[in-house]
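Q: Sequence isn't available, so here's the structure alone:
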């Protein structure tokens, strides 16, 4: 992998270069001479634009506000910089000035490979932004490797006045790939100091579905690939879309033959990704702004509650959990009651928290996720009745039930330690003639410890 910090020091003059001053590769002048950007633009509907490093082919498209993208209109997908994005990503710093309008640009790349290493080149850089509720897309196409500096200069000029970059998995892939190319060409990266919002991680928190065994799903329909989300959230189906694995081979075919027609489907794929990215981000901001009432179902309400709780919006999170608590799914219901119990305990409402724990303990199901929640609920009930309610009999009953939920040695040892302590406390109460001790010592519950 490329050491980006080392490259930054070299570009800024802070370290002595340990690599040749020339480019990493020698551009193939055959490509430069054989592929005319103007001829390519005539086929793909673009025009060359001038940059300090030479011409770069740019292809513009405009999606009007009334155009449908599945079940949603483009004009309903406008994303504005501000608090809603910060709620989705608590690490995103707020805008420097709320008074000045900010410009949000969506970024998506098509590359020669997915490794993200030094040899990966972004041959298509798609940028999108909203203009009067319409969505403008500008795509920069690399017509030859010799023209990469011109492409990088064109992207830098577009990004320079932008206040926020929005990507999907951009923290891991898109931005590092672009930054590597700027650094290899000894050009200043325009991303320095720019705020960056990556929707992938909020999307996973909101819409990723667990498998029956409690692990996260990697299936296309249950995962969070952008193509899966656009179908689930908006009912958008791509017709004739080029598979992602085929995109690099289409570009190399273009370089070999000079025929840009195989790239038409790649450009459309990239445009769909940009529009869907804007739609997904808009859906996420609508959820955090609308709360439980904006959720399409109880599972989404549960997920939104967790996002709002992470952001410190505990009241709104509680409303989401209460809505999810009426789910027909025992797993969702248990998770919602568990989250509510934690919030109630944090507020000092211990009796209400115990009621929520009790609702979880009463649930029955075969799934490991539900069983894990029941174990935690029974443990919490044992703790509550021992230390807060002072009902040692009830605490022992809950501990005994918790003992039967898991046969792992560590769990068994923890619960048996609790049972031993409870039995010692009950023995002291019995020795003093207190009520409720003799039956437990003389006739313990089945499966419990012999005191």
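A: Thanks, I have the structure now. None of these values were measured; they are calculated from a predicted model.

Q: number of nearby residues for residue 334?
A: 27 (other CB atoms under 10 Å). (Glycine included, C-beta is placed from N, CA and C.)

Q: Name the residues that touch the helix or strand where it lies?
A: Counting by DSSP states H and E, the element that carries residue 334 is helix 330-346. By CB atoms under 8 Å, 6 or more residues apart in numbering, the residues outside helix 330-346 that reach it are 210, 298-299, 302, 305-306, 309, 314, 317-318, 321-322, 324-327, 350, 352-354, 356-357, 359-360, 363-365, 367, 369-370, 373-374, 376-377, 380.

Q: Backbone dihedrals for residue 46, both of them.
A: phi -130, psi 170 (degrees, to the nearest 10).

Q: same deal with residue 135?
A: phi -110, psi 120.

Q: Can you show me the helices along the stretch 251-400 of the chain?
A: 264-290, 298-310, 314-324, 330-346, 350-361, 368-387, 392-403 (DSSP state H, counting those that start in this stretch).

Q: Residue 205: which of those is closest?
A: Residue 205 sits nearest to helix 298-310 of all the helices of the stretch 251-400 of the chain, at 5.5 Å, using CB to CB.

Q: Neighbours of residue 259, how many?
A: Residues near residue 259, counting by other CB under 10 Å, number 12.

Q: Give me the spatial nearest neighbour of it, chain neighbours excluded.
A: Of all residues not flanking residue 259 in the chain, residue 253 sits nearest, at 7.6 Å (CB to CB, 6 or more residues apart in numbering).

Q: residues touching residue 191, list them.
A: Taking CB under 8 Å, 6+ apart, one finds 159, 165, 175, 178, 179 in contact with residue 191.

Q: Nearest residue to the last one in space, please, no chain neighbours.
A: For residue 179, the nearest residue in space outside its immediate sequence neighbours is residue 189; the separation is 4.9 Å by CB to CB, 6+ apart.

Q: Please apply the same query to residue 268.
A: Counting by CB to CB, 6+ apart, the residue nearest residue 268 is residue 241, at 7.5 Å.

Q: hey, which helix or strand in this protein has the poorest pLDDT?
A: helix 438-442 (a mean of 38; mean pLDDT, DSSP states H and E).

Q: Quickly note the distance from residue 313 to residue 128.
A: 29 Å (CB to CB, to the nearest Å).

Q: okay, those two: which has more neighbours?
A: residue 128 (24 against 18).

Q: so the more buried one bridges to which residues?
A: residue 106, residue 137 (DSSP bridges).

Q: Give me the angle between the helix holding residue 334 and helix 350-361.
A: 170 degrees (axes from the mean of the first three to the mean of the last three CA atoms, to 10 degrees).

Q: Can you give me the distance of the residue nearest to residue 263 when sequence neighbours are not counted to residue 169?
A: By the measure of CB to CB, 6+ apart, the closest residue to residue 263 outside its immediate chain neighbours is residue 254, 5.6 Å from it. Noted for residue 254: a distance of 25 Å to residue 169, by CB to CB.

Q: Just want to know which of these two has more residues nearby.
A: Using other CB under 10 Å as the criterion, residue 254 and residue 169 rank with residue 254 on top: 22 against 17.

Q: Tell me which residues touch the more buried one, please.
A: Neighbouring residues of residue 254 by CB under 8 Å, 6+ apart: 35, 260, 262, 263.

Q: Show the buried residues in the contacts of helix 330-346.
A: 210, 298-299, 302, 305-306, 309, 317-318, 321, 324-325, 327, 353-354, 356-357, 359-360, 363, 367, 369-370, 373-374, 376-377, 380 (16 or more other CB atoms under 10 Å).

Q: so how many other residues sit close to residue 40?
A: By other CB under 10 Å, neighbour count at residue 40 equals 21.

Q: helix or strand for it, which one?
A: Using DSSP H and E, residue 40 maps to helix 37-44.
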